[in-house]
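Undergrad: Below are the sequence and a predicted model; questions follow.
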Amino acid sequence: MYVEDIVITGERHKGIDSLQKHFQTKDLGSLKYLGIEVATSTNGIFLSQRKYTLDLLSEAGMLGCMSIDSLMDMNMKLLRGQGELLKDVRRYMRLAGKLNYLMMIKLDITFTHNVVSQFLSALKNTHLEAIMRVLRYLKKALWRGLLYSDYGHTRVTGFSDTD
């Protein structure tokens, strides 16, 4: 028999009591971290990936780097034939993959991630430089996340200004 893990969040109510009658359940307490940090308050639920971002910066050797305000250098053109071939393709692929996971909360990196992912067949040093720029931007944006405010109803509403 195949059994899936189910996560239930929110206030305890009749639905949970009903599940406990029919299934073996375990109360693990409040959700804190599942790759995404979850903080609850009277204002709502705040989701961030600060720890994940710090781990990524550490892995890339960029914890001490200078942070920047913008994701892309407007004067840099990423082209297939431009620059030297990248020697460590695995590093690029690993970093690009980890940036993919960050897009769940950091919606502002979506366009840039799409741009740097277009060159996977012929990676150049300039493409790795673009990824490193994204990491420097993320260092500046460590405390940014998504706030789902409590307005007294169960409708989920979100807003993002990603330009």
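TA: Looks like it arrived, so ask away.
Undergrad: So what touches stretch 56-64?
TA: L54, C65, L95, K98, L99, L102, M132, L135, R136, L138, K139 (C-beta atoms under 8 Å, 6 or more residues apart in numbering). C-betas here are computed from N, CA, C, even on glycine.
Undergrad: and the end-to-end length of that stretch?
TA: From its first residue to its last, stretch 56-64 covers 12 Å (C-alpha to C-alpha, to the nearest Å).
Undergrad: Just the buried ones among the contacts of stretch 56-64, please.
TA: Buried subset of the contacts of stretch 56-64 (neighbour count, 16 or more other C-beta atoms under 10 Å): L95, K98, L99, L102, L135, R136, L138, K139.
Undergrad: Sort the contacts of stretch 56-64 by pLDDT and name the bottom one.
TA: Within the set of the contacts of stretch 56-64, pLDDT is lowest for L102 (86).
Undergrad: Okay, and which of the buried ones among the contacts of stretch 56-64 map to helices?
TA: Those of those mapping onto helices are L95, K98, L99, L102, L135, R136, L138, K139, per DSSP state H.
Undergrad: The second one: what's its closest spatial neighbour, skipping adjacent residues?
TA: Across the structure, with C-beta to C-beta, 6 or more residues apart in numbering as the measure, the residue nearest K98 apart from its sequence neighbours is L56 (5.2 Å).
Undergrad: So what's the residue count around the one you found?
TA: When neighbours are defined as other C-beta atoms under 10 Å, L56 has 21 of them.
Undergrad: Go through the host helix or strand of it and flag the buried ones.
TA: According to DSSP states H and E, L56 maps onto helix 50-59. Neighbour counts over helix 50-59 (16+ other C-beta under 10 Å) mark R50, Y52, T53, L56, L57 as buried.
Undergrad: ok, of those residues, which one's closest to N75?
TA: N75 has its nearest neighbour among these in L57, at 24.9 Å by C-beta to C-beta.
Undergrad: how far off helix 50-59 does the helix or strand harbouring L128 point, in degrees?
TA: Assigned by DSSP H and E, L128 belongs to helix 125-140. Orientation check (axes from the mean of the first three to the mean of the last three C-alpha atoms, to 10 degrees): helix 125-140 against helix 50-59 gives 140 degrees.
Undergrad: any idea which helix or strand comes after helix 125-140?
TA: strand 145-149.
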